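Chemist: I would like to see how this sequence folds:
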Amino acid sequence: MHAVASASRLKGQTIVLVPTMGFLHEGHLSLVRQGRKLGNQLIVSIFVNPTQFGPNEDFEDYPRDFNRDVQMVAQENADIVFAPEAADIYPANFQTFVNTTNLSNKLCGLSRPSHFKGVTTVVAKLFNIVQPHIAIFGKKDFQQLIIIRQMVCDLNFDIKIIGAATFRESDGLAMSSRNTYLSQRQRSSAPALYQALLNAQKMVNANIKKTSTLIQKTTQFIEARPETQIDYIAICDPRTLEDLKLVKQPALMALAVKIGRTRLIDNMILTP
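Modeler: So this is what the prediction gives:
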């Protein structure tokens, strides 16, 4: 991969990277389609990264279907699938990690303390191996997007980071590989996350600006659905992820909810 990327750069080609953990869906493919328009060589990485999973999380059970993924990527005219083994990315005696100190300790980082250290480490390695000019990440994982941008700035990666809009099911549920875990009853509860975000924007439109009120109403709305357990609901500055007391400027509303045993995330920028 490194040799191919170096040769492409010598030819003056623009390399675009779409990093994924596989089990692709239309949300991933929307990133691939966007990437196809931006460069000469489009690379999709498929790697279920063990270092971003906690001890009791779903690394072993995370859905995988490599042959299907390759077919889907080929239909979108990607040039290369880069699918390393874990032993290639983390060889024996591996001991170097990349970590953002403040951004990683908020939102999802509170309940998944080692998660973003795994994310930034593997993305830094992918950047060094693939040598992209452009990399595309979905805004569904907004905290991840902000952290990657911070890392790129702090470590002087010469890479443009693009955030792509969240791709949703017809009922508003953000597309995720983990949606396949949901039972039929749980699936009927899942659209409440997006509906709650829309309701919060309506409250802001009605001049309800106190974030404590918005969070309380959102909590009540989600908890009224079967099998829901809120991990967090936060309203914060979209650059620093610091909590806000009032929505006086565009603010990120982010939430994580367990439905049954499946943890789902979603977010929206609330605009006064």
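Chemist: Residue 268: which element?
Modeler: Taking DSSP states H and E as the definition, residue 268 sits inside strand 262-270.
Chemist: And the protein, what are its domain boundaries?
Modeler: 2-164, 177-270 (automatic domain parsing).
Chemist: Do me a favour and average the pLDDT over the strand holding residue 268.
Modeler: Mean pLDDT, strand 262-270: 98.
Chemist: ok, and what's touching stretch 115-129?
Modeler: Residues from elsewhere that reach stretch 115-129 (CB atoms under 8 Å, 6 or more residues apart in numbering): 1-2, 5, 17, 19, 45, 47, 49-54, 82, 89, 96-100, 103-104, 108-109, 135, 143-144, 147-148, 151, 155, 157, 159. The C-beta positions use only the backbone N, C-alpha and C, and glycine is treated the same way.
Chemist: Looking at it now, give me its mean pLDDT.
Modeler: Here the average pLDDT along stretch 115-129 is 98.
Chemist: Show me what counts as buried in that stretch.
Modeler: Across stretch 115-129, burial judged by 16 or more other CB atoms under 10 Å covers 115-127, 129.
Chemist: Next: stretch 61-81.
Modeler: In stretch 61-81, counting by 16+ other CB under 10 Å, buried: 62, 69, 70, 72, 73, 76, 78, 79, 80, 81.
Chemist: can you tell me which of these are in strands?
Modeler: Assigned to strands by DSSP state E, the following of the buried residues of stretch 61-81 qualify: 80, 81.
Chemist: what two of the buried residues of stretch 61-81 have the greatest distance between them?
Modeler: 62 and 79 (25.8 Å; CB to CB).
Chemist: Report the buried residues of stretch 78-97.
Modeler: 78, 79, 80, 81, 82, 83, 84, 89, 90.
Chemist: Ok, stretch 254-263 next?
Modeler: Residues of stretch 254-263 classed as buried: 254, 255, 256, 257, 259, 260, 262, 263 (neighbour count, 16+ other CB under 10 Å).
Chemist: the strands in the protein, which residues?
Modeler: So, for the chain - with DSSP E - the strands run 15-20, 41-46, 80-82, 134-138, 160-164, 228-236, 251-259, 262-270.
Chemist: Let me know the angle separating the last one from strand 228-236.
Modeler: For strand 262-270 against strand 228-236, the angle by axes from the mean of the first three to the mean of the last three CA atoms, to 10 degrees is 30 degrees.
Chemist: Mind giving me the packing neighbours of strand 262-270?
Modeler: helix 192-205, strand 251-259 (3 or more CB pairs under 8 Å, 6 or more residues apart in numbering; DSSP states H and E).
Chemist: repeat that for 10 Å
Modeler: For strand 262-270, the packing partners by 3 or more CB pairs under 10 Å, 6 or more residues apart in numbering; DSSP states H and E come out as helix 108-111, helix 142-154, helix 184-189, helix 192-205, strand 228-236, strand 251-259.
Chemist: Could you spell out the sheet neighbours of it, each with its direction?
Modeler: When pairing is defined by DSSP bridges, strand 262-270 lines up against strand 251-259 (antiparallel).
Chemist: Please apply the same query to the fourth one.
Modeler: Here strand 134-138 has these sheet partners by DSSP bridges: strand 15-20 (parallel), strand 160-164 (parallel).
Chemist: now do the second one
Modeler: Sheet pairing here is set by DSSP bridges, and for strand 41-46 it gives strand 15-20 (parallel), strand 80-82 (parallel).
Chemist: Okay then, goodbye and thanks.
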